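# I would like the atomic coordinates for the input below:
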Amino acid sequence: MSSKDERQARSRGLAFFAKSQLMSADDVTRALRRMSHEVVERNHSTESLSIIGLQSGGAPIAVALAGYLSEISNAPVTASLLDVSFYRDDLSHNPVPASSQTSIDHDLTNRTVVLVDDVLFTGRTIRAALNALSDWGRPRAVQLCVLVDRGHRELPIRPDFVGKNLPTAIDEAIVATLDGVWIGTREET
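Predicted coordinates:
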């Protein structure tokens, strides 16, 4: 795991301790390529798609997915970024998270949004993302693409495209990047 990944894990006052690697970089690449083909197959074209990665874990995955979609469709596909920090419903329990910048340069009205994240867990981040998207227009449809679905949903949210289903214990943690996927624990620093 890279030092950048470790810094992101520590940014919330928690350190990630990896027990084992579940997916290599090659496995992640294969999963992203497969999901890209699934996105094109389901939508028949990339012309009206908006690929939007959630800051910060979904951002590099969205950029990679957009690259693969560009290869498949022979047309440029770009990724936008969405920060959901101030749309979260856990601000009363946790301090305001460090926010990132939202970078969406077009109206989402009547477009199909493919929302991309690294790990789907309780579904609360996706709920926040759906609320945040409404500030950028009214999409025709929103599809969810995640590299890892680890279960333990608290809201009725289901991904449309999944790289890997990894059932986990509630106290385990997953770190998913383009370099691989690790399972471990998070402990306060």
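# looking at it, Leu120 is touching Phe161, isn't it?
No: shown here, Leu120 and Phe161 do not form a contact pair, counting by Cβ atoms under 8 Å, at 10.8 Å. In this view, the C-beta of every residue, glycine as well, is placed from N, C-alpha and C.
# what about stretch 66-86, start to end distance?
Terminal residues of stretch 66-86 lie 26 Å apart, using Cα to Cα, to the nearest Å.
# hmm, back to that, show me the common contact partners of Leu120 and Phe161, please.
Each of 144, 146 lies in contact with both Leu120 and Phe161 under the rule Cβ atoms under 8 Å, 6 or more residues apart in numbering.
# Neighbour count: these two, which is higher?
A direct count of neighbours by other Cβ atoms under 10 Å for Leu120 and Phe161 places Leu120 higher, at 25 against 22.
# What pairs with the longest strand along the chain, parallel or antiparallel?
Counting residues, the longest strand found in the chain (DSSP state E) is strand 14-24. Within its sheet, and counting by DSSP bridges, strand 14-24 is paired with strand 180-188 (antiparallel).
# Dump the C-alpha coordinates for the strand it pairs with into PDB.
Provided in PDB are the C-alpha atoms of strand 180-188 (Å, rounded to 0.1, in the frame of the first residue of the first chain):
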ATOM      1  CA  GLY A 180      -5.000  -3.100  -5.000                       C
ATOM      2  CA  VAL A 181      -7.500  -3.800  -2.300                       C
ATOM      3  CA  TRP A 182      -6.500  -4.600   1.300                       C
ATOM      4  CA  ILE A 183      -8.500  -5.800   4.300                       C
ATOM      5  CA  GLY A 184      -7.400  -4.900   7.800                       C
ATOM      6  CA  THR A 185      -8.400  -2.800  10.800                       C
ATOM      7  CA  ARG A 186      -8.600   0.900  11.600                       C
ATOM      8  CA  GLU A 187      -7.300   2.100  14.900                       C
ATOM      9  CA  GLU A 188      -7.200   5.500  16.500                       C
END
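# buried stuff in that strand?
Buried positions in strand 180-188, judged by neighbour count with 16 or more other Cβ atoms under 10 Å: 180-184, 186.
# ok, the residues you listed vs Leu49, which is closest?
Distance to Leu49 across the buried residues of strand 180-188 (Cβ to Cβ) is lowest for Val181, with 25.1 Å.
# Bridging across strands, which residues link to the closest one?
Met23, Ala176.
# quick one, what contacts it?
Listed by Cβ under 8 Å, 6+ apart, the contact set of Val181 reads 21-23, 27-28, 147-148, 164, 166, 174-175.
# what separates it from Ala132, distance-wise?
Val181 is 26 Å from Ala132, where distance means Cβ to Cβ, to the nearest Å.
# rewinding a little: mind putting the contacts of Val181 in CSV, distance to Glu47, neighbour count and pLDDT included?
As requested, the contacts of Val181 are exported to CSV (distance: Cβ to Cβ, whole Å; neighbours: other Cβ atoms under 10 Å; pLDDT from 0 to 100):
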residue, distance to Glu47, neighbour count, pLDDT
Gln21, 37, 16, 96
Leu22, 35, 18, 96
Met23, 31, 22, 97
Asp27, 30, 15, 98
Val28, 27, 22, 98
Leu147, 25, 31, 98
Val148, 29, 27, 98
Lys164, 29, 16, 97
Leu166, 33, 19, 95
Ile174, 34, 22, 95
Val175, 34, 24, 96
